[in-house]
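K.L.:
From the sequence below, what's the structure:
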Amino acid sequence: MRILNQLSIERFAKKHADARKSLSAWRMVVIGASWKKKQDVLSDFPKAKMLKYNRARFEIVHNYYRLIAEIDYDAESAEIRFIGTHNEYEKIDPLTI
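P.N.:
Below you'll find the model as predicted:
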């Protein structure tokens, strides 16, 4: 899979050093993946929550941070739509961000 908007991961990791290892691991799994359906995402990330509109919410650093990606299965890409703290996540609409 290609990751779109990777710069947001890099910026977040610079600001939140404790998230670097988890974000790096997430990135490596996604780059090596070839997801064709929601179940493929859940096979790689069992704690992910699949949302409407081909979006997935991933737990980063044991759910202290959350990452939302919009997945285009045909184009084999995952676009980062949000990454932030659990509290910041509570203030957004994960389906429209």
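
K.L.:
beta partners for residue 72?
P.N.:
Counting by DSSP bridges, residue 72 forms beta bridges with residue 77.

K.L.:
Where do the helices of this protein begin and end?
P.N.:
Along the chain, counting by DSSP state H, helices occupy 6-15, 20-32, 38-44, 86-89.

K.L.:
got the angle between the first one and helix 20-32?
P.N.:
Between helix 6-15 and helix 20-32, the angle formed by their directions is 160 degrees, by axes from the mean of the first three to the mean of the last three Cα atoms, to 10 degrees.

K.L.:
what comes up buried for helix 6-15?
P.N.:
Buried residues in helix 6-15, counted by 16 or more other Cβ atoms under 10 Å: 8, 9, 12, 13. Where C-beta positions appear, they are placed from N, C-alpha and C, glycine not excepted.

K.L.:
Next: the third one.
P.N.:
Along helix 38-44, the positions that meet the burial threshold by neighbour count (16+ other Cβ under 10 Å) are residue 41.

K.L.:
Residue 63: neighbouring residues, count only.
P.N.:
For residue 63, the neighbour count with other Cβ atoms under 10 Å is 12.

K.L.:
Quick check: phi and psi on it?
P.N.:
For residue 63, the backbone dihedrals are phi 80, psi 10 (criterion: degrees, to the nearest 10).

K.L.:
The spatially closest residue to it that is not a sequence neighbour and residue 74: what is the separation?
P.N.:
Closest residue to residue 63 apart from its sequence neighbours, by Cβ to Cβ, 6 or more residues apart in numbering: residue 86 at 6.4 Å. Relative to residue 74, residue 86 is positioned 31 Å away (Cβ to Cβ, to the nearest Å).

K.L.:
Check residue 58 too.
P.N.:
Separation of residue 58 from residue 74 (Cβ to Cβ) stands at 21 Å.

K.L.:
Between those two, which is the more surrounded one?
P.N.:
Higher neighbour count among residue 58 and residue 74: residue 58, with 23 against 6, using other Cβ under 10 Å.

K.L.:
separation between the more buried one and residue 68?
P.N.:
Separation of residue 58 from residue 68 (Cβ to Cβ): 8 Å.
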